[in-house]
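Chemist: Quick one, structure for this:
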Amino acid sequence: MVTSPSKPRTIWPYAIIAVFVLFAGYIGFMVQQAMRTTVDLVSPDYYQQELAYQQRMESMARTAALPAPVQLHHEAATQRLTLQLPPALASQPVQGQIHFFRPSDQKLDFTLPLQTGAQQQFNTAQLLPGYWRVRVDFTANNQAYFLEKELTIR
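Modeler: Modelled structure (predicted):
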């Protein structure tokens, strides 16, 4: 009897199939993770805020054109944020708010009303360490003003 020599088996077809299956599994896993990830918008009413962007730019230009700047200074040692209005606005009734905005977590955002007076202080002890944006939005003499400043709490 004549027997033919057996062909050596190769694993290449199985390896190629295994690579395709693993790649498809990886893509499926990544799609699942992407679908589970929550994507919070910076603000729930971002569209309305975008429409009011021109008024915000005018308020920022009006604030920059003041004879003396609106100063916002953080003192880390005393955990105080001081807002100093220019003397031209100090004698007028001021209405507005200061908004503490945490870009990394919307749940930490909060707003405080402004009081009358040239200098106001806010306690920053309750702020978690990290990056904050402080937005001061106020009206004096029927003119809107706006100031935004970055703040890092350590």
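Chemist: for the residue nearest the centre of the chain, helix, strand, or coil?
Modeler: Centroid-nearest residue in the chain, with Cα atoms, centre = their mean: residue 103, separated by 2.1 Å. Secondary structure, DSSP: H, G, I helix; E, B strand; the rest coil: residue 103 is coil.
Chemist: Residue 131 is in contact with that one, correct?
Modeler: Yes. Taking Cβ atoms under 8 Å as the definition, residue 103 is a contact partner of residue 131 at 6.7 Å. Glycine gets a C-beta too; all of them are placed from N, C-alpha and C.
Chemist: Residue 15 and residue 22, how far apart?
Modeler: Note on residue 15: its distance to residue 22, by Cβ to Cβ, to the nearest Å, is 10 Å.
Chemist: got the phi/psi numbers for residue 123?
Modeler: phi -80, psi 130 (degrees, to the nearest 10).
Chemist: which residues does it bridge with?
Modeler: Note on residue 123: beta-bridge partners by DSSP bridges are residue 80.
Chemist: for it, what are its contacts?
Modeler: When contacts are counted by Cβ atoms under 8 Å, 6 or more residues apart in numbering, residue 123 touches 79-81.
Chemist: pLDDT at it, what is it?
Modeler: According to the prediction, residue 123 has pLDDT 85.
Chemist: how much space between it and residue 80?
Modeler: Taking Cβ to Cβ, one finds residue 123 at 7 Å from residue 80.
Chemist: cool, and residue 99?
Modeler: 18 Å.
Chemist: Which of the contacts of residue 123 has the largest number of neighbours?
Modeler: Of all the contacts of residue 123, the highest neighbour tally under other Cβ atoms under 10 Å goes to residue 81, namely 23 neighbours.
Chemist: What would stretch 112-127 look like as CSV? C-alpha coordinates only.
Modeler: This file holds the C-alpha atoms of stretch 112-127, laid out as CSV (Å, rounded to 0.1, in the frame of the first residue of the first chain):
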residue,chain,number,x,y,z
LEU,A,112,-25.2,83.9,44.5
PRO,A,113,-26.9,87.3,44.4
LEU,A,114,-24.8,90.5,44.4
GLN,A,115,-25.3,92.9,47.3
THR,A,116,-25.1,96.6,47.0
GLY,A,117,-21.7,98.2,47.7
ALA,A,118,-18.4,98.7,46.0
GLN,A,119,-16.7,95.7,47.6
GLN,A,120,-18.2,92.3,48.2
GLN,A,121,-16.7,89.2,49.6
PHE,A,122,-17.7,85.6,49.1
ASN,A,123,-16.6,82.6,51.1
THR,A,124,-14.9,79.9,48.9
ALA,A,125,-14.5,77.3,51.7
GLN,A,126,-17.4,75.2,50.3
LEU,A,127,-15.8,75.0,46.8
